[in-house]
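*Asks:* Need coordinates for the below:
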Amino acid sequence: MKQKRTLGTPRLLGIVWPFIAVVLFQALLGCVSLFMLSAVRGYVAGESLWSKGQKDAIYYLTLYADNRDEATYLRYQQAIAVPQGGHELRIALDRPTPDLTAARLGILKGGNHPDDVSSLIWLYLNFRHFSYLEKAIELWTVGDSYLVQLDGLAQEMHGAILRDHVSANDVRQWKAHIIAINEGVTPAAKAFSDALGEGSRMILRLLLITNLATALGLIVLALLRTHKLLAQRHAFANALQQEKERAQITLESIGDGVITTDVDGAITYMNPAAEALTHWHSAQAQGLPLAALFNLLDDDAQPDGFTLIEHIVKGQLSGGSEHSKTIQRLDGSTVSVTLVGAPIRSDGKVTGAVLVLHDMTQERQYIANLSWQATHDALTGLANRREFEFRLEQVLHPTGQQQGGRHALMFLDLDQFKLVNDTCGHAAGDELLRHICALLQSDLREGDTLARLGGDEFGILLENCPAIVAEKIAESLRHTVQSLHFVWKGRPFMTTVSIGLVHLGQTPTTLETSLRAADMACYMAKEKGRNRVQVYHADDSELSLRFGEMAWVQRLHMALEENRFCLYAQEISPLGQTDAGNGHIEILLRLHDEAGRIILPDSFIPAAERYGLMTSLDRWVVENVFKIIARCLQERPGLPMAMCAINLSGITIGDDDFLGFLREKFHTYSIPPGMICFEITETSAIANLGSAIRFINELKALGCQFSLDDFCAGMSSFAYLKHLPVDFLKIDGSFVKDMLDDPINRAMVEVINHIGHVMGKRTIAEFVETPQIEQALLEIGVDYAQGYLIERPQLFTFDSLQCRPVRPQPLLFKAPGTFR
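*Replies:* Numbering: from 1, shown residues only. Sure thing, here's the model as predicted:
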């Protein structure tokens with residue numbers, strides 16, 4: 001809804017248009033009145049001519065009867081022509097379609113002035129049914145009838161006189177007839193004249209009343225408009241007062257100081273915020289120059305307040321940009337402000353200036369705090385990672401007059417810090433961190449940088465520090481932390497730290513390389529038993545291996561994001577009369593590197609296991625194997641398909657969420673659990689025996705099968721085998737590939753196969769690469785063989801799932817002393 005416009009400036013036309021309308025109406029009414037009066041006057045004049053004409057016509061016709069003179073008859077005709085013109089006017093206008101030409105001729109014939117023609121016709125056509133005019137026309141018609149009789153008698157008399165057949169008796173009759181016509185027309189003519197007179201007087205009264213009513217309406221309208229203008233003026237004054245009070249309250253409420261001056265710089269107003277900034281009261285400052293209140297201290301300041309006002313008036317301190325200043329009060333105290341000024345204009349002339357001062361004390365303190373927080377750790381007050389890396393970058397790449405030198409970089413990681421957090425809460429952990437930070441800081445030299453990099457990790461930068469001194473400092477720090485006896489609510493904790501030390505020499509190096517080396521050295525210190533200092537050496541093979549594994553972490557993350565893993569399948573073939581069902585294949589994982597080359601799992605699995613990526617890889621394998629099986633079931637329904645063996649890591653077996661993931665995928669892709677066999681290694685199963693048993697039992701309840709991979713390659717404990725409800729026992733390939741040349745390996749294969757059969761498990765031999773090995777395994781009684789002789793790994797497709805044809809078996813030669 002539109003808001004009512006209270007403060008709108010009234011427009012001239014909006015005020016005077018009613019008066020203009022009334023004046024125009026009055027002028028129009030006057031014109032109509034004059035036109036109508038002119039028409040009435042014309043009819044009155046015409047009636048006079050009509051009456052005179054009919055009287056003259058009767059006179060001359062009577063005289064003509066006596067003297068029979070043709071001149072007298074001509075005078076009669078001239079006299080009768082006037083009332084005949086009126087008769088012709090009436091006849092022309094009374095037609096259904098008025099004959100205006102005949103009417104004009106009739107008017108002129110009747111003796112009226114040519115200027116009265118239009119008004120006479122207009123009045124007759126528009127007011128003929130008006131009561132008085134209608135009565136006059138009726139009387140006019142009556143009078144015209146007598147004139148018609150008179151003209152008929154005149155023509156009869158004229159004809160007789162011309163024939164000279166006139167007797168005295170005829171003359172007497174003619175005069176008697178003329179007298180009768182005269183006696184009839186005279187009252188009608190008088191009544192016609194009276195009717196016109198009454199009509200003209202009535203019209204005059206009507207016009208008078210109309211004009212008086214219009215004048216009265218103009219007076220009322222003038223009063224109403226004047227009242228409205230006064231009401232608007234009152235509303236305008238009230239609104240102006242409200243705006244003034246609102247502006248006053250606003251100025252008194254805002255936090256910025258507002259000072260107004262006249263054009264000479266004398267103060268005219270100060271709000272409370274300005275009073276607080278300048279330590280002056282508004283009443284005391286009235287009329288004083290700005291220089292009496294404060295001085296500007298920065299380089300851009302002018303020597304006095306008057307010059308500042310000049311800058312404002314000239315637009316050099318406008319609101320387009322804020323100008324940071326420092327003002328000094330008369331008591332000597334200072335405050336940082338921003339100034340914005342603008343000239344005050346009235347009727348196009350500058351009448352003063354307004355100056356707005358914003359106190360920047362809190363903002364500057366806030367900016368300083370933000371700057372500190374951006375470079376420091378909130379808990380310990382130490383430099384944070386961002387600041388630490390900045391200082392390290394300055395040391396690695398000196399600029400200007402800085403000289404390169406020998407420096408040292410340390411990474412520190414508290415040992416078992418998680419134990420404090422988990423048992424006593426984060427408050428205890430925070431308190432321990434503060435204690436350790438204070439101890440570490442006390443052992444460092446002035447100028448060394450100690451930073452908290454995150455959690456319980458710290459970084460130390462020793463600038464211009466020889467290698468021997470750096471190692472001594474590192475040992476001192478380790479000893480200091482070890483000497484701390486931290487007690488939280490009566491519970492003591494031992495504190496130790498693992499330190500990785502990197503010497504930064506003259507050889508240029510990058511920030512990333514230096515940080516990675518220190519991180520790797522710290523990691524090695526933890527792996528070697530914690531509470532030690534590990535110095536990084538570029539030719540350390542152990543560190544190089546860890547470097548390679550760490551590089552694989554990022555590559556594996558990228559490979560997962562870019563979906564550069566692929567699946568291969570290798571057949572597991574039955575030996576002898578073993579019922580192979582629909583076939584058996586093992587799913588193998590491969591990686592396409594950045595150049596598109598195939599990478600075997602031996603290259604990246606150790607890094608994935610060490611850095612916690614195996615669960616993600618196992619989930620990827622399960623998801624993609626299930627997708628292929630689901631598509632095959634949908635596109636080739638009813639065809640028998642091989643069982644798929646999927647390898648799982650020990651970390652995945654211990655992951656409770658993975659069981660839920662598998663159940664969800666079985667349901668999502670509608671995979672029969674009997675088609676899936678999970679392979680777990682002996683080492684991972686025994687290391688997580690409780691989790692492994694629960695994991696296997698949960699999935700076997702669904703219908704899945706299990707293989708124990710690499711059996712006897714690790715802990716080789718047959719006792720554990722009794723507790724693992726697996727379906728297949730895979731004999732490690734290290735025994736199988738040399739079993740023909742090494743009797744011990746052959747014996748191991750025989751023993752594992754025999755024990756597996758006794759426990760009701762089927763056996764699978766790996767690394768079957770020659771027919772001779774296959775023959776030996778057949779003699780021993782191994783159930784399945786897997787290796788290059790059977791099939792080389794192939795890309796996992798629909799064809800990999802098809803039921804495999806039975807391979808021809810070698811002839812069986814039973815060797816003495818074998819276990820069957």
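*Asks:* looking at this protein, which helix or strand does the model trust least?
*Replies:* The helix or strand of the chain with the poorest confidence is helix 305-313; it has a mean of 61 (mean pLDDT, DSSP states H and E).
*Asks:* Can I get the helix or strand just after that helix as PDB, trimmed to CA atoms?
*Replies:* Going down the chain from helix 305-313, the next helix or strand is strand 323-329, by DSSP states H and E. The C-alpha coordinates for strand 323-329 follow below in PDB (Å, rounded to 0.1, in the frame of the first residue of the first chain):
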ATOM      1  CA  HIS A 323      40.500   9.700   6.400                       C
ATOM      2  CA  SER A 324      42.300   8.100   9.300                       C
ATOM      3  CA  LYS A 325      43.600  10.700  11.800                       C
ATOM      4  CA  THR A 326      44.800  11.000  15.300                       C
ATOM      5  CA  ILE A 327      43.300  13.800  17.400                       C
ATOM      6  CA  GLN A 328      44.900  15.200  20.500                       C
ATOM      7  CA  ARG A 329      42.500  16.700  23.100                       C
END
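*Asks:* Could you list the buried residues of the biggest strand by length in the chain?
*Replies:* Longest strand in the chain by number of residues (criterion: DSSP state E): strand 334-346. For strand 334-346, the buried set under the neighbour-count rule, 16 or more other Cβ atoms under 10 Å, comprises 335-344. Bear in mind the C-beta positions are built from the backbone N, C-alpha and C, glycine included.
*Asks:* Keeping just the C-alphas, turn it into PDB.
*Replies:* Presented in PDB, the C-alpha positions along strand 334-346 are these (Å, rounded to 0.1, in the frame of the first residue of the first chain):
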ATOM      1  CA  THR A 334      45.000  11.100  21.900                       C
ATOM      2  CA  VAL A 335      42.500   8.900  20.100                       C
ATOM      3  CA  SER A 336      42.500   7.400  16.600                       C
ATOM      4  CA  VAL A 337      39.500   8.400  14.500                       C
ATOM      5  CA  THR A 338      38.400   8.400  10.900                       C
ATOM      6  CA  LEU A 339      37.000  11.700   9.600                       C
ATOM      7  CA  VAL A 340      34.300  12.300   7.000                       C
ATOM      8  CA  GLY A 341      33.000  15.800   6.200                       C
ATOM      9  CA  ALA A 342      30.500  17.400   3.900                       C
ATOM     10  CA  PRO A 343      29.400  21.000   3.300                       C
ATOM     11  CA  ILE A 344      25.900  22.100   4.300                       C
ATOM     12  CA  ARG A 345      24.100  23.800   1.400                       C
ATOM     13  CA  SER A 346      21.000  26.000   1.500                       C
END
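*Asks:* What number of neighbouring residues does residue 104 come out with?
*Replies:* 17 (other Cβ atoms under 10 Å).
*Asks:* Same question for residue 727.
*Replies:* 16.
*Asks:* before we move on, what about residue 176?
*Replies:* For residue 176, using other Cβ under 10 Å, the count is 10.
*Asks:* and it, what element?
*Replies:* Assessed by DSSP H and E, residue 176 sits inside helix 168-253.
*Asks:* ditto for residue 405
*Replies:* Per DSSP H and E, there is no helix or strand for residue 405.
*Asks:* who's in contact with the residue nearest to it when sequence neighbours are not counted?
*Replies:* Using Cβ to Cβ, 6 or more residues apart in numbering and skipping the chain neighbours, the partner closest in space to residue 405 is residue 464 (4.7 Å). Taking Cβ atoms under 8 Å, 6 or more residues apart in numbering as the contact definition, residue 464 lies against 405-407.
*Asks:* Just name the closest of the residues you listed to residue 704, please.
*Replies:* Checking the contacts of residue 464 against residue 704 with Cβ to Cβ, the nearest one is residue 407 at 57.7 Å.
*Asks:* filter the contacts of residue 464 to the buried ones?
*Replies:* Applying 16+ other Cβ under 10 Å to the contacts of residue 464 flags 406-407 as buried.
*Asks:* Export the contacts of residue 464 as a markdown table, with columns for pLDDT and distance to residue 673.
*Replies:* As requested, those are arranged in a markdown table below (pLDDT from 0 to 100; distance: Cβ to Cβ, whole Å):
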| residue | pLDDT | distance to residue 673 |
| --- | --- | --- |
| 405 | 72 | 66 |
| 406 | 86 | 64 |
| 407 | 90 | 61 |
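*Asks:* between the contacts of residue 464, which is closest to residue 359?
*Replies:* residue 407 (44.9 Å).
*Asks:* quick one: the closest one and residue 395 touch, right?
*Replies:* Yes. With contact defined as Cβ atoms under 8 Å, residue 407 counts as touching residue 395 (5.3 Å).
*Asks:* which sections of the stretch 51-200 of the chain are below the confidence cut-off?
*Replies:* Counting by pLDDT under 70, the ranges of the stretch 51-200 of the chain that qualify are 110, 128, 130-133, 188, 193, 195-196, 199.
*Asks:* Quick check on residue 445: phi, psi?
*Replies:* Dihedral pair for residue 445: phi -80, psi 160, per degrees, to the nearest 10.
*Asks:* Check the secondary structure at the residue nearest to residue 158 when sequence neighbours are not counted for me.
*Replies:* Nearest residue to residue 158, sequence neighbours excluded (Cβ to Cβ, 6+ apart): residue 73, at 5.7 Å. Recorded secondary structure, residue 73: helix (DSSP: H, G, I helix; E, B strand; the rest coil).
*Asks:* Could you do residue 708 as well?
*Replies:* Residue 708 ends up strand, using three-state DSSP.
*Asks:* Repeat that for residue 460.
*Replies:* Once three-state DSSP is applied, residue 460 turns out strand.
*Asks:* Surely it touches residue 447?
*Replies:* No. Contact criterion Cβ under 8 Å: residue 460 and residue 447 do not qualify, at 11.9 Å.
*Asks:* Pick out whichever of the two has more residues nearby.
*Replies:* Between residue 460 and residue 447, counted using other Cβ under 10 Å, residue 460 has the larger neighbour count: 25 against 10.
*Asks:* contacting residues around the closest residue to the more buried one other than its chain neighbours?
*Replies:* Nearest non-adjacent residue to residue 460, counting by Cβ to Cβ, 6+ apart: residue 410, 4.1 Å away. Each residue near residue 410 by Cβ under 8 Å, 6+ apart is listed here: 459-462, 470, 474, 477, 499-502, 518.
*Asks:* Show me which of those residues are buried.
*Replies:* 459-462, 470, 474, 477, 499-502, 518.
*Asks:* Out of these, which comes closest to residue 150?
*Replies:* residue 459 (142.6 Å).
*Asks:* Leaving out sequence neighbours, find the closest residue to residue 251.
*Replies:* residue 271 (4.5 Å).
*Asks:* What of residue 485?
*Replies:* residue 492 (6.3 Å).
*Asks:* The one you found touches residue 432, doesn't it?
*Replies:* No. Using Cβ under 8 Å, residue 492 is not in contact with residue 432; the gap is 11.8 Å.
*Asks:* These two: which has the busier surroundings?
*Replies:* Neighbour count, other Cβ under 10 Å: between residue 492 and residue 432, residue 432 has more, with 21 against 8.
*Asks:* tell me which residues of the helix or strand containing that one are tucked away?
*Replies:* Using DSSP H and E, residue 432 sits in helix 426-443. Residues of helix 426-443 classed as buried by neighbour count (16+ other Cβ under 10 Å): 428-429, 432-433, 436-437, 440, 443.
*Asks:* Report all helices and strands that it contacts.
*Replies:* Applying 3 or more Cβ pairs under 8 Å, 6 or more residues apart in numbering; DSSP states H and E, we find helix 426-443 packed against strand 407-415, helix 417-424, strand 449-454, strand 457-462, helix 467-483, strand 485-488.
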